[in-house]
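Novice: Compute the structure for the input listed below.
(one chain, ligands or ions: 1)
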Amino acid sequence: MAIDNQEKILESLKEHLTPEQISVNETVKELHGKDESYHKMELPDIVVFPENKEQVSEIMKISSRYRIPVIPFGLGSSLEGHVIPQSGGITIDFSLMNKVLEVFEEDFLVTVQPGVTRTQLNKELKKYGLFFTVDPGADATLGGMAATNASGTTSVKYGVMRDQVRDLEVVLADGTFIHTGNKAAKSSSGLHLNGLFVGSEGTLGCFTEMTLRVYGIPEHITAARASFPTVKDAVEAVVSILQAGIPIARVELVDEQSMVQVNKYNETAYTEGPTLFLEFHGNEAGLRQDVEFMQEIVQGHACIEVAFETDTAARNRLWEARHTLAYAYIHGHPGKKMMVTDVCLPISELAGAVSHARENLMALELPGGIVGHVGDGNFHALIMMDMDNPEEVAKAQEFNERIVLYALERGGTCTGEHGVGIGKKKYQQQEHGAALDVMAKIKAALDPNNLLNPGKNINVDHKELTQ
Ligand SMILES: Cc1cc2nc3c(=O)[nH]c(=O)nc-3n(C[C@H](O)[C@H](O)[C@H](O)COP(=O)(O)OP(=O)(O)OC[C@H]3O[C@@H](n4cnc5c(N)ncnc54)[C@H](O)[C@@H]3O)c2cc1C
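Specialist: Below is the predicted model:
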């Protein structure tokens, strides 16, 4: 989308950034006009690569002066069109702000810039015997992960992104900086701004520094694969494991169709049936007890086989296979795009929800499968569709809607971890009711000109609220 004043905006940007930090190159714009989803690409007018918070602040002031949208950009791995500049504008790519600034070993904290990726951070933390827990399938940036409140395979034990954030340095729409928290383990002081900014999808401010919780690498780790005759048996086993209070660190569902993709993509020979990938963290004696108890429980749910991945290489292979599952589907279906559902329900509703999704997926007759962080009540149906075939797209969208409505009717949410972006805006009213107006008022107060990633997350008439 062509913007007014483009030349003047570029001149203003050049006062604060080097020419290499500003791009209007078509290829660069294309790389910033899409995410990893099926949503349609739209190009930004300008892409900038700031190196520090002062530059971010100047970019925000320019955005405010010329009334031009700004779209924060991490890695672009989000799945609901979060980074697509639907009204054009300046995309702020944080890839040059990628330093691990300080590790506070004794406090189990780390301060990073937002462009650091999760694997980059874990490589650094390993030197201290520490690790960062949240592990989405993509090697996402911590800024993007905080902005989407991401989670991953270990969230059942350690919590989601919101649980890891102690403090954010945020540049607001007018270019001022704030800190949303501190380094203390708890605080009853003021409103909980960490909670507000985490998950705000670039619509309230830009994160320029983040202080995050980290954990000691567990003394012992045991991983296992347990296969079942049906998905329902597998999910019911998970519910029983959780209800028994076993401190499981990871429990992931991978259905039969997805196990086929896993084996093809990773050249593994895992049993191709509904499977749970499990992991336990702790000391040797505690682990032995947890694992024995888990085995008893899964056997009570018709488990066919439990295979332990004892050495580090086999364990890493197992989790690599889980993390690359979406790519396995994409690779296996050239020319098709992936739609991923993302509901999360109370654990008591999970088995019913997965069975409902499974029946609907079978009826859809499109390639796909069901996977998920079932320990959190969160699961995904992955569907591969041909974007040039309107019938397939309509069928997939209708399927997605059915899954969401089923979850909302049972006290769940339309998105457990991927976020709202463009794709889930239409469910916000039903999910939040009057609370959505409160969210819109907060947005209007912090971003009165609606310039921060406009059109994402909150689908309300902004002008009405600012009048
Ligand atoms: C194969 C695959 C597997 C995935 N698995 C998971 C999973 O298991 N769990 C999960 O939660 N997600 C998963 N995702 C989705 C995605 O990886 C996450 O949403 C991730 O958090 C996005 O990070 P990013 O760095 O790519 O951010 P981007 O996609 O670049 O941006 C995401 C949002 O964050 C905002 N943002 C980025 N940087 C900043 C900043 N510095 N300040 C303010 N806002 C900012 C953007 O404006 C945008 O709204 C997966 C995606 C893929 C492709």
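
Novice: Provide a list of residues in contact with the residue of the chain found nearest the ligand.
Specialist: Nearest residue of the chain to the ligand (CB to the nearest ligand atom) works out as G144 at 2.1 Å. Any C-beta I mention is one placed from the backbone N, CA and C, and that applies to glycine too. G144 makes contact with F73, G74, L75, S77, S78, P114, A150, according to CB atoms under 8 Å, 6 or more residues apart in numbering.

Novice: same question, I22
Specialist: L10, L13, K14, I46, V47, V48, F49.

Novice: for the residue nearest to the third one when sequence neighbours are not counted, phi and psi?
Specialist: Looking back up the chat, that one is K14. Of all residues not flanking K14 in the chain, I22 sits nearest, at 6.7 Å (CB to CB, 6 or more residues apart in numbering). Main-chain torsions, I22, degrees, to the nearest 10: phi -130, psi 130.

Novice: now D163
Specialist: phi -80, psi -20.

Novice: L212 is in contact with that one, correct?
Specialist: No: if you go by CB atoms under 8 Å, D163 and L212 don't touch, sitting 10.0 Å apart.

Novice: rewinding a little: so of the contacts of G144, which ones are in strands?
Specialist: The strands, defined by DSSP state E, take in F73 from those.

Novice: Run through the contacts of G144 and flag the ones next to the ligand.
Specialist: Among those, the ones lying near the ligand by CB under 6 Å from any ligand atom are F73, G74, L75, S77, S78, P114, A150.

Novice: Mind putting those into JSON lines with pLDDT and neighbour count?
Specialist: As requested, the ones next to the ligand among the contacts of G144 are arranged in JSON lines below (pLDDT from 0 to 100; neighbours: other CB atoms under 10 Å):
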{"residue": "F73", "pLDDT": "98", "neighbour count": "28"}
{"residue": "G74", "pLDDT": "98", "neighbour count": "27"}
{"residue": "L75", "pLDDT": "98", "neighbour count": "21"}
{"residue": "S77", "pLDDT": "97", "neighbour count": "22"}
{"residue": "S78", "pLDDT": "96", "neighbour count": "30"}
{"residue": "P114", "pLDDT": "98", "neighbour count": "27"}
{"residue": "A150", "pLDDT": "98", "neighbour count": "28"}
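
Novice: Residues of the stretch 101-250 of the chain that sit close to the ligand?
Specialist: Proximity of the stretch 101-250 of the chain to the ligand, by CB under 6 Å from any ligand atom, involves residues 114, 136-138, 140-141, 143-145, 147-148, 150-152, 201-202, 206-207.

Novice: Of those residues, which belong to helices?
Specialist: G143, G144, M145, A147, T148 (DSSP state H).

Novice: Please list only the buried members of those residues.
Specialist: Those of those that meet the buried threshold are G143, G144, M145, A147, T148, by 16 or more other CB atoms under 10 Å.

Novice: these two touch, right, the fourth one and G74?
Specialist: Right, A147. Yes: A147 is within contact range of G74, at 7.4 Å (criterion: CB under 8 Å).

Novice: The stretch 51-200 of the chain: helices as residue ranges?
Specialist: Residue ranges of the helices in the stretch 51-200 of the chain, as given by DSSP state H, counting those that start in this stretch, are 53-66, 118-126, 142-148, 155-158, 161-164, 193-197.

Novice: export those to CSV and tack on distance to A224 and mean pLDDT?
Specialist: CSV is the format used below for the helices of the stretch 51-200 of the chain (distance: least, CB to CB, whole Å; pLDDT from 0 to 100):
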stretch, distance to A224, mean pLDDT
helix 53-66, 45, 98
helix 118-126, 22, 98
helix 142-148, 27, 98
helix 155-158, 15, 96
helix 161-164, 26, 98
helix 193-197, 35, 97
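
Novice: Buried deepest among these, which one?
Specialist: Among the helices of the stretch 51-200 of the chain, helix 142-148 has the highest mean neighbour count (mean count of other CB atoms under 10 Å), at a mean of 30.

Novice: Just the C-alphas of it, formatted as CSV.
Specialist: Provided in CSV are the C-alpha atoms of helix 142-148 (Å, rounded to 0.1, in the frame of the first residue of the first chain):
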residue,chain,number,x,y,z
LEU,A,142,11.8,-14.1,22.5
GLY,A,143,10.2,-10.8,21.6
GLY,A,144,7.7,-12.5,19.3
MET,A,145,7.2,-15.3,21.9
ALA,A,146,6.3,-12.7,24.6
ALA,A,147,4.1,-10.8,22.2
THR,A,148,2.1,-13.9,21.4
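
Novice: rewinding a little: quick one: closest of the helices of the stretch 51-200 of the chain to A302.
Specialist: Nearest of these to A302, taken as CB to CB: helix 155-158 at 22.4 Å.
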